[in-house]
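> Would you be able to build a 3D model of this:
(4 chains)
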Protein chains: 2
Amino acid sequence: MNPKSGGGAENHGAAGARPTGRRGGPTRRRGSELEDAILDAAWHVLVEHGYPGFTYEAVAARASTSRPVLYRRWPQRDDLLLATLTRFLEAQPIAIPDTGSLRADAVGFLRNANAGRAHMITLISVQLMDYFRDTGTSFSQLRDTLGAPNRPTPFETIVARAVERGELPDVPRSSRVVNLPFDLLRHDILMTMRALPEESITEIVDEVWLPLLGAPGGRPQPGSP
Amino acid sequence: MNPKSGGGAENHGAAGARPTGRRGGPTRRRGSELEDAILDAAWHVLVEHGYPGFTYEAVAARASTSRPVLYRRWPQRDDLLLATLTRFLEAQPIAIPDTGSLRADAVGFLRNANAGRAHMITLISVQLMDYFRDTGTSFSQLRDTLGAPNRPTPFETIVARAVERGELPDVPRSSRVVNLPFDLLRHDILMTMRALPEESITEIVDEVWLPLLGAPGGRPQPGSP
DNA sequence: CCCCTAAGATACGAGACTGTATCTAACGGC
DNA sequence: GCCGTTAGATACAGTCTCGTATCTTAGGGG
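This next block holds a predicted model:
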């Protein structure tokens, strides 16, 4: 239906056909269906173009709708951003594998985190930097605010299981050493802005973490008596 | 250079008294003096408004000059950014202490880096995330661009010296392990957005790095009191 | 089947920034 | 002291985005 009826119903061509899958008739989305589509588009725009490219223009185009539709729901850009973030950040906790092997648990968890969070970490850093700059806060503060402060970290869980199995001795370990793999993963992701190669994951576990824990496979360190 | 020599005397505004006349006489900067002032202004703009606010417009205004002056020197925004970063990064190399002790070298270097670079690392990551996304580059690539790519890293130097002294065995070591302290320092700075406490530095060296290297003199890990 | 709500298209004025062109005037070299 | 270089001011066309104001029309409710 492209007849120019009367006034300004001209087709400017730039706005392409919406991927509704229904070529036959003009399917007009409404309510939550429309909202889902918009937030989905917003998420992709954010991932691909970052916060500076996160404009009403771009989101509307990606969602195959028009800016007024967005303004009706989210009058401020922050509203749209917040809605997008809460929608996609709530889901997807990183799974902690329980394989019965310390090494397999560690590698498996890093793999999951690498796959699931790599571009989220970059995303968050890109767009929250402005927020950090303005408020003087930081990643770790945000993480403490969002997550439960007293919940054990993934690697604390992994180590605890290994101790239960008798795979590791039941000695106190510094938080620094226990959480080292996740810190290194995060560091590498931040530095390279992309997911790590598999070799880096095994390298972190086999060359750094396991030797430090004195686990089998690594070289036990006698230290100073 | 001017093809139309005869006519063309268009009226482009009459009283062209430069607004910088507030500094007294009409002092017109030239050459390196001007360039220094511009890069200085660019640095401040970057610090205060981040990469999104790092525009020719803003830098020119801050330097009390005009955009054409900037375009003559740095035709691309990247050129201006790179020049600004290079200028302020290379001004302060991090000193590598040579104390004759592996541990003291490591702790000393981390201390220097912590004091001298904490602000800079934070700043760069905070303000340049957008740049990285736009250009598809990353922090590590920028580092390679600014520094000499083949120069040994500080910790490679420190380890090499320790090997020469016979303090460490001459065995191959992975880059991951050798550079671990700097990576951890950087990670912590990024996460907390401020310089590390002294305890974190000794923790990194004593609880992580020295045990991994199998060096004597590492303090016993917690658990062997 | 009609009617009202809202999706979707389009327009418009404002503002910021980009590159470039052109003019002037100051500064330094000769 | 002349003269070439260039800083500095200004203009301009183009692009992008914003926020809002219409207008048409699809789709659901009554």
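> doesn't A:Val69 make contact with A:Leu34?
Yes - shown here, A:Leu34 and A:Val69 form a contact pair, counting by C-beta atoms under 8 Å, at 7.4 Å. Yep, even glycine has a C-beta here, placed from its N, CA and C like the rest.
> got the domain boundaries for chain A?
A:31-89, A:102-213 (automatic domain parsing).
> Dump these to a markdown table, plus mean pLDDT, mean neighbour count and distance to chain B.
Converted to a markdown table, these look like this (pLDDT from 0 to 100; neighbours: other C-beta atoms under 10 Å in any protein chain shown; distance: least, C-beta to the nearest C-beta, whole Å):
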| stretch | mean pLDDT | mean neighbour count | distance to chain B |
| --- | --- | --- | --- |
| domain A:31-89 | 86 | 16 | 4 |
| domain A:102-213 | 85 | 17 | 3 |
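> OK, contacts around A:Val45?
By C-beta atoms under 8 Å, 6 or more residues apart in numbering or on different chains, A:Val45 lies in contact with A:Gly53, A:Phe54, A:Ala58, A:Val59, A:Arg62.
> surely the second one meets A:Glu48?
To tie it back to what came earlier, the one meant is A:Phe54. No - taking contacts as C-beta under 8 Å, A:Phe54 lies outside contact range of A:Glu48: 9.8 Å.
> Please enumerate the shared neighbours of the two.
Counting by C-beta under 8 Å, 6+ apart, nothing touches both A:Phe54 and A:Glu48.
> so which helix or strand takes in A:Arg194?
Under DSSP states H and E, no helix or strand contains A:Arg194.
> I'd like the distance between A:Pro152 and A:Gly116.
19 Å (C-beta to C-beta, to the nearest Å).
> And for A:Leu210?
A:Leu210 is 23 Å from A:Gly116, by C-beta to C-beta.
> quick one: secondary structure of A:Phe109?
Judged by DSSP: H, G, I helix; E, B strand; the rest coil, the three-state class of A:Phe109 is helix.
> Just the CA trace of stretch A:58-74, in CSV.
Only the C-alpha atoms of stretch A:58-74 are listed here, as CSV (Å, rounded to 0.1, in the frame of the first residue of the first chain):
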residue,chain,number,x,y,z
ALA,A,58,18.8,4.7,15.2
VAL,A,59,16.6,2.7,17.5
ALA,A,60,13.4,3.7,15.6
ALA,A,61,15.0,2.8,12.3
ARG,A,62,16.2,-0.5,13.7
ALA,A,63,12.8,-1.3,15.0
SER,A,64,11.2,-0.2,11.8
THR,A,65,9.1,2.3,13.6
SER,A,66,9.2,6.1,14.0
ARG,A,67,10.6,8.3,16.7
PRO,A,68,7.3,9.5,18.0
VAL,A,69,6.4,6.0,19.0
LEU,A,70,9.5,5.9,21.1
TYR,A,71,8.9,9.3,22.6
ARG,A,72,5.4,8.3,23.7
ARG,A,73,6.8,5.6,25.8
TRP,A,74,10.2,6.9,26.9
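> quick one, what contacts the spatially closest residue to A:Asp188 that is not a sequence neighbour?
Distances taken as C-beta to C-beta, 6 or more residues apart in numbering or on different chains put A:Leu196 closest to A:Asp188, at 5.3 Å, once the chain neighbours are dropped. Residues near A:Leu196 by C-beta under 8 Å, 6+ apart: A:Asn114, A:Ala118, A:Leu185, A:Asp188, A:Ile189.
> mind redoing it with 7 Å?
With contact taken as C-beta atoms under 7 Å, 6 or more residues apart in numbering or on different chains, A:Leu196 is in contact with A:Asn114, A:Leu185, A:Asp188, A:Ile189.
> Now name the helix or strand holding the last one.
Which is A:Ile189. With DSSP H and E as the test, A:Ile189 turns up in helix A:180-192.
> could you give the angle of that helix to helix B:180-192?
80 degrees (axes from the mean of the first three to the mean of the last three C-alpha atoms, to 10 degrees).
> what comes into contact with helix A:180-192?
Taking C-beta under 7 Å, 6+ apart as the rule, helix A:180-192 contacts A:106, A:110, A:113-114, A:118, A:121-122, A:125, A:154-155, A:196, A:200, A:204-205, A:208-209, A:212, B:138-140, B:183-184, B:186-187, B:190, B:208.
> What are the boundaries of the helices in chain A?
Here chain A has its helices, by DSSP state H, at A:31-49, A:56-62, A:67-73, A:77-89, A:102-135, A:139-146, A:154-165, A:175-178, A:180-192, A:198-203, A:210-213.
> still on that earlier bit, CA atoms only for the helix holding A:Ile189 - export them in PDB, please.
Taking Å, rounded to 0.1, in the frame of the first residue of the first chain, the C-alpha atoms of helix A:180-192 are listed here in PDB:
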ATOM      1  CA  LEU A 180      42.200 -14.600  40.000                       C
ATOM      2  CA  PRO A 181      40.900 -16.400  36.900                       C
ATOM      3  CA  PHE A 182      37.800 -14.200  36.700                       C
ATOM      4  CA  ASP A 183      39.900 -11.100  37.200                       C
ATOM      5  CA  LEU A 184      42.300 -12.100  34.500                       C
ATOM      6  CA  LEU A 185      39.400 -12.900  32.200                       C
ATOM      7  CA  ARG A 186      37.900  -9.500  32.800                       C
ATOM      8  CA  HIS A 187      41.200  -7.800  32.300                       C
ATOM      9  CA  ASP A 188      41.800  -9.400  29.000                       C
ATOM     10  CA  ILE A 189      38.300  -8.700  27.800                       C
ATOM     11  CA  LEU A 190      38.600  -5.100  28.700                       C
ATOM     12  CA  MET A 191      42.000  -4.800  27.100                       C
ATOM     13  CA  THR A 192      41.100  -6.500  23.800                       C
END
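> circling back: of all the domains of chain A, which one comes closest to DNA strand C?
Closest to DNA strand C of the domains of chain A is domain A:31-89 (C-beta to the nearest atom of the strand; 3.6 Å).
> can the closest one be found next to DNA strand D?
Yes - Domain A:31-89 comes into contact with DNA strand D (C-beta under 7 Å from any atom of the strand), by way of A:Gly53, A:Thr55, A:Tyr56, A:Glu57, A:Ala58, A:Ser66, A:Arg67, A:Pro68, A:Tyr71, A:Pro75, A:Arg77.
> give me the subset of these touching DNA strand C.
Filtered for proximity to DNA strand C (C-beta under 7 Å from any atom of the strand), those shrink to A:Ser66, A:Arg67, A:Pro68.
> and of the residues you listed, the nearest to B:Leu102?
Of all those, the one with the least separation from B:Leu102 (C-beta to C-beta) is A:Arg67, at 61.3 Å.
> any idea how far the closest one lies from A:Arg73?
11 Å.
> cool, and A:Ile204?
A:Ile204 is 43 Å from A:Arg73, by C-beta to C-beta.
> just A:Thr192 next, same as before
Applying C-beta to C-beta to A:Thr192 and A:Arg73 gives a distance of 36 Å.
> Next: A:Leu184.
41 Å.
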